[in-house]
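Q: No letters, just coordinates:
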């Protein structure tokens, strides 16, 4: 496995805590797990790629609170 593969694997496995700004239907995550449905103000832990997409579309915001830090394994 080269460095690019390693970096890609780490990014794909990273989980992000987000808070939903609007309701969202159930969807399939990049990890092939089902997430949702979610309603406004729900908090969830999602794979980085899915969370980034929701944040870019202004459907959710990231929670950057150290009390909610997820230890990476």
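A: That came through fine. Note that the coordinates shown come from a computational prediction; the quantities given were computed from them, not determined experimentally. Residues are numbered from 1 along each chain as shown.
Q: From here on, just use CA atoms for contacts and neighbour counts.
A: Will do.
Q: which stretches of the protein have low pLDDT?
A: 1, 7-12, 65-73 (pLDDT under 70).
Q: switch the cut-off to 90
A: Along the chain, the parts satisfying pLDDT under 90 run over 1-14, 64-73.
Q: Helices of the chain, residue ranges please.
A: 3-13, 48-56 (DSSP state H).
Q: Run the chain-centre distance for the shortest one.
A: Per C-alpha atoms, centre = their mean, to the nearest Å, the displacement of helix 48-56 from the mean C-alpha position of its chain is 6 Å.
Q: which secondary structure elements does that helix contact?
A: Here helix 48-56 touches helix 3-13, strand 15-20, strand 60-62, going by 3 or more C-alpha pairs under 8 Å, 6 or more residues apart in numbering; DSSP states H and E.
Q: so which of those gets nearest residue 48?
A: Residue 48 sits nearest to strand 15-20 of all these, at 5.2 Å, using C-alpha to C-alpha.
Q: neighbouring contacts of the closest one?
A: Here strand 15-20 makes contact (C-alpha atoms under 8 Å, 6 or more residues apart in numbering) with 38-48, 51, 59-64, 68, 70.
Q: that older thread, let me have the helices of the chain in a markdown table, extended by mean neighbour count and distance to residue 30.
A: Formatted as a markdown table, these follow (neighbours: other C-alpha atoms under 10 Å; distance: least, C-alpha to C-alpha, whole Å):
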| stretch | mean neighbour count | distance to residue 30 |
| --- | --- | --- |
| helix 3-13 | 12 | 8 |
| helix 48-56 | 17 | 7 |
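Q: Tabulate these (JSON lines), appending distance to residue 28.
A: Formatted as JSON lines, the helices of the chain follow (distance: least, C-alpha to C-alpha, whole Å):
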{"stretch": "helix 3-13", "distance to residue 28": "14"}
{"stretch": "helix 48-56", "distance to residue 28": "9"}
